[in-house]
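> Here is the input, now give the coordinates:
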Amino acid sequence: MGRIIRIITMPLVVGHLLIAYFWIFDWEKLTTDVGLISWIGSIILGIFIFIINRKSITSEKNLSQKIISVTTFMTILLGIFALMIEFITSSMP
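Have a look, this model is predicted:
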């Protein structure tokens with residue numbers, strides 16, 4: 001089980017970092033259907049992997065759990081900031 005988690009963790013972390021890159025430099029790609037599905041899907045997958053990893057007992061548990069929790073939390077914060085920015089700019093006259 002630990003090996004499968006590691007195989008899923010690395011692409012997920014790369015996906016989270018790509019979302020952060022696009023959020024900063026090319027936010028319009030994240031507002032497409034594919035971008036939103038990727039964004040929400042990576043958050044759900046990150047939370048799922050975090051929960052599974054939290055229950056497992058392996059030697060790499062601490063490092064992978066920290067990496068997943070930090071990148072998932074960062075992606076969630078970017079989503080919250082994006083919603084706040086959208087709300088503030090849409091309420092402007």
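> Report the distance from the helix or strand that contains residue 89 to the chain centre.
Using DSSP states H and E, residue 89 sits in helix 61-90. On the basis of C-alpha atoms, centre = their mean, to the nearest Å, helix 61-90 sits 6 Å off its chain's mean C-alpha point.
> can you give me the angle the helix or strand containing residue 18 makes with helix 61-90?
Under DSSP H and E, the secondary-structure element containing residue 18 is helix 2-25. Calculated by axes from the mean of the first three to the mean of the last three C-alpha atoms, to 10 degrees, helix 2-25 forms an angle of 30 degrees with helix 61-90.
> what's downstream of helix 2-25, the next helix or strand?
helix 33-55.
> Any buried residues in that next one, and which?
35, 38, 39, 42, 43, 45, 46, 49, 50, 53 (16 or more other C-beta atoms under 10 Å). (Glycine included, C-beta is placed from N, CA and C.)
> export those residues to JSON lines and tack on pLDDT?
Formatted as JSON lines, those follow (pLDDT from 0 to 100):
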{"residue": "35", "pLDDT": "89"}
{"residue": "38", "pLDDT": "92"}
{"residue": "39", "pLDDT": "91"}
{"residue": "42", "pLDDT": "93"}
{"residue": "43", "pLDDT": "93"}
{"residue": "45", "pLDDT": "92"}
{"residue": "46", "pLDDT": "91"}
{"residue": "49", "pLDDT": "86"}
{"residue": "50", "pLDDT": "84"}
{"residue": "53", "pLDDT": "76"}
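> Residue 17 and residue 89, how far apart?
26 Å (C-beta to C-beta, to the nearest Å).
> Excluding its own residues, what touches stretch 41-53? List them.
For stretch 41-53, the external contacting residues (C-beta atoms under 8 Å, 6 or more residues apart in numbering) are 1, 5, 8-9, 12, 15-16, 19, 61, 64-65, 68-69, 71-72, 75-76, 79.
> I only care about these that end up buried; give me the ChimeraX line for that.
Selection command for ChimeraX covering only the buried members of the contacts of stretch 41-53, criterion 16+ other C-beta under 10 Å:
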select :5,8,9,12,15,16,19,64,65,68,69,71,72,75,76,79
